[in-house]
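1. here's a sequence, model it:
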Amino acid sequence: EFPPVPVTLTTLHPFTSAIMASAVVHASASLSFASRGSISTKGRKVALPRFAKAVSTRSNKRGVVVKAETSTDLQTSTESSTDLTTYEEGRDADWNITYFPGMVNIESMIETIFFDGYNEKICVYAPGGAAEQMLLLPLIESIHTRLPNAMIDVVCGERAHSAYDICPYVRSTFIYNVGGFTLPDIYTEIVGVLKGEYYKTIICAAPAKAGEQFLLWMASSANLVGTTVSGFDSIFSNRLFADAVVASTDTVGSLGTSSFASLEKIVEKSLGGSYDPSQLPKVGVPAKSQKWAADLLKEAGLSAGGFVLAHGVPSASAAAMTMSAFPASASMDVAALKAVGKPVVVAVPRYEDKHAVESMAWSGEVLTVVVVDTPAKLAALVAASGGVVAANTAALPMASYFMKPAVGIFESEQVASLYAYTGVKCVAASAASSAVAAM
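-> Below you'll find the predicted structure:
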């Protein structure tokens, strides 16, 4: 037996008691919030229907249409149903493996899965706007060719993410101000999003400074590669990146069609496999945009292939889809279209520009001016046209990918020589009329 231990009761200060009570309340609220099923709002996309885990509001998941139903009971998990628009053999709506056709044992299953790139996620950190993403599509094609079954996601700007509506290989896009100013809460949110995806490889296509290098490093990828800026910021890449190359310029697209050539070498070294650089990337047009273009042409009395599309009139709109590297080449003179022997459809980014172009129409000629503010709509018109005449905009690489004859009008022959699109003749503004007439 032990003697009783005296117990001394100490009265807590009122302020200390209030702090402890507040901590208990916050802890109880956190536990109750964590224990209940997550609630997804009506219409929000759901990543994992089984657990009702909602996708980030800044993400855009492609290829899968998910309908969410909100539960009225806070203790009941959200029920959701999934309608597939695309199907991959052995995968469900969320790319979870469901069965292994043709396999006889677990060893052969695992070997084939990892050999073909199943369960491997790759993220591309992409700079620039919608036009610059067109220069990045050959890199996406290269990744898909090397690992046909890998899931490819892209982190890009708000104006840029819709460019991947025409790319069949991109699973999701995450909106982030790549290369620009970002608030701390957005910075930490994108870190959490990338970390939660468990990417096997992250490819930084942007000339990353120290802040963006740390952002991608905190995503905890096993293989972080890409480009960095020169100077002091490149010191960190030696420790944070598995393989990095210093960009020759910080301006995205200033090297023309070879802007991401050095990155392709890193991808080849990192992912292995083979890829033919002369192979054009595969692109397509969403059904909604195809219908929009068909209705537009029917109303204008035009047929597919019976008109020439012009893009790149002077405009201050952010939806102009121009290359930012050479501002003087971002627009062209509408008078250069006089030499076109077919009806001309001029695509403008907003209605204010439409009225300005219609007032510039030369005597005796009628231009069909349409408002095109998304890459998918522009791709629909490019695919339906008989040729393209454009300034340094997204229409030129689209014309090359859709194998349409095109003429690109630039500020000088020196700048025009940087953009070597297949099937596109790039000329200076002084030679635009003769090049258009010979198209």
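
2. can you give me the helices for the protein?
-> 14-35, 106-115, 130-146, 184-197, 210-217, 234-240, 261-271, 287-300, 351-360, 375-384, 395-401, 413-416, 432-437 (DSSP state H).

3. quickly compare those helices and say which is most buried.
-> helix 395-401 (a mean of 29; mean count of other CB atoms under 10 Å). No exception for glycine: its C-beta is placed from N, CA and C like everyone else's.

4. with just CA atoms, put that helix into CSV.
-> C-alpha atoms of helix 395-401 as CSV (Å, rounded to 0.1, in the frame of the first residue of the first chain):
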residue,chain,number,x,y,z
ALA,A,395,-4.7,29.8,-86.4
LEU,A,396,-1.3,29.0,-88.1
PRO,A,397,-0.3,25.9,-86.0
MET,A,398,-3.9,24.8,-86.2
ALA,A,399,-3.8,25.0,-90.0
SER,A,400,-0.7,22.9,-90.0
TYR,A,401,-2.1,20.3,-87.6
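
5. tell me which residues are up against it.
-> 131, 134-135, 137, 166, 257, 280-283, 309, 311-312, 321, 347, 375, 378-379, 382, 387-388, 390, 405-406, 408, 419, 421-424, 426 (CB atoms under 8 Å, 6 or more residues apart in numbering).

6. the same query, at a cut-off of 7 Å, please.
-> Under the contact criterion CB atoms under 7 Å, 6 or more residues apart in numbering, helix 395-401 has outside partners 134-135, 280-281, 283, 309, 311-312, 378-379, 382, 388, 390, 406, 408, 419, 421-424.

7. check stretch 189-206 too.
-> 56, 120-127, 136, 139, 153, 174, 176, 178-179, 212, 215-216, 218-227, 260, 263, 267, 270.

8. 6 Å - rerun?
-> With contact meaning CB atoms under 6 Å, 6 or more residues apart in numbering, stretch 189-206 is reached by 56, 120-127, 174, 176, 178-179, 215-216, 218-221, 223-226, 263.

9. pLDDT score assigned to the residue nearest to Leu215 when sequence neighbours are not counted?
-> Using CB to CB, 6 or more residues apart in numbering and skipping residues adjacent in sequence, the residue nearest Leu215 is Val191, 5.9 Å away. Listed pLDDT for Val191 reads 93.

10. how about the one 5 residues further on?
-> Per-residue pLDDT puts Gly196 at 90.

11. hmm, back to that, out of the contacts of helix 395-401, which end up buried?
-> By neighbour count, with 16 or more other CB atoms under 10 Å, the contacts of helix 395-401 hold 134-135, 280-281, 283, 309, 311-312, 378-379, 382, 388, 390, 406, 408, 419, 421, 424 as buried.
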